[in-house]
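quick one: sequence and predicted model below, then my questions.
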Amino acid sequence: MEYLELIHHRESVRSYDTEQKISKDILNRIAEAGRLAPSAANRQPWKFLIVSSEEMLKSVRACYTKQWFADAPHILVVVGNKNDAWVRSFDSYNSIETDLTIAMDHMILAATNEGIGTCWIAAFDPEILRNALSLSKNEVIFAITPLGYPGKNYQKKNLKNRKSLDEIVQFM
Ligand SMILES: Cc1cc2nc3c(=O)[nH]c(=O)nc-3n(C[C@H](O)[C@H](O)[C@H](O)COP(=O)(O)O)c2cc1C
């Protein structure tokens, strides 16, 4: 898909086909988009967890209890280690959240390009997710997304409820 078309096309999908799993090739292409994402000082402080086994899905799904989330056959978790991320010397700003967010966005757009539905989710219960994935103290997660084909009755919204360019852009 052409880039601006892809940006317009991506929307939060909250309905998933429970039957149709995503092929390994497609999952690999989505992961490749994350692998190529930029990160501060090229530290790449991330791991991409693609949860697909019934046992793991059961424990991860408990972190966000919407039915549509449980319907998706895969869940993508971008996890990072704060100690691996770049730190700005002036004020100790740690780039972990920025790095993980860019990687997630790359993968969400790559998934859209493959016809796969996604939805950024930040409103998960972090403790449940940490336990499900046996994360260590320094590992952090800012967002997860279901990965799956949109449900059979899914109606694309095609709605971009956004501020106008005039409101947000200043040519200076
Ligand atoms: C950081 C972030 C966190 C979000 N968390 C949630 C969430 O927990 N649950 C949810 O249903 N949508 C969540 N969303 C999706 C937003 O509601 C959605 O992106 C926004 O309303 C714009 O709609 P669109 O994605 O369809 O363009 C989140 C989006 C972002 C960027």
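Noted; the coordinates are in hand.

and this structure, which of its residues are near the ligand?
Neighbours of the ligand within the chain, by CB under 6 Å from any ligand atom: 11, 12, 119, 120, 121, 122, 123, 143. Where C-beta positions appear, they are placed from N, C-alpha and C, glycine not excepted.

quick one: which of these is most hemmed in?
Neighbour counts for the residues of the chain next to the ligand (other CB atoms under 10 Å) peak at residue 119, which has 22 neighbours.

how about it, what does it touch?
12, 13, 14, 69, 145, 146 (CB atoms under 8 Å, 6 or more residues apart in numbering).

can I get the helix or strand that contains residue 145 in PDB, CA atoms only?
Residue 145 is part of strand 139-147, with elements assigned from DSSP states H and E. Taking Å, rounded to 0.1, in the frame of the first residue of the first chain, the C-alpha atoms of strand 139-147 are listed here in PDB:
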ATOM      1  CA  GLU A 139      11.600  -5.000  31.800                       C
ATOM      2  CA  VAL A 140       8.800  -2.700  30.800                       C
ATOM      3  CA  ILE A 141       5.800  -2.800  28.500                       C
ATOM      4  CA  PHE A 142       3.900   0.300  27.300                       C
ATOM      5  CA  ALA A 143       1.600  -1.100  24.800                       C
ATOM      6  CA  ILE A 144       0.300  -4.400  23.400                       C
ATOM      7  CA  THR A 145      -1.900  -5.200  20.400                       C
ATOM      8  CA  PRO A 146      -4.000  -8.100  19.300                       C
ATOM      9  CA  LEU A 147      -3.100  -9.400  15.800                       C
END
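
cool, thanks, signing off.
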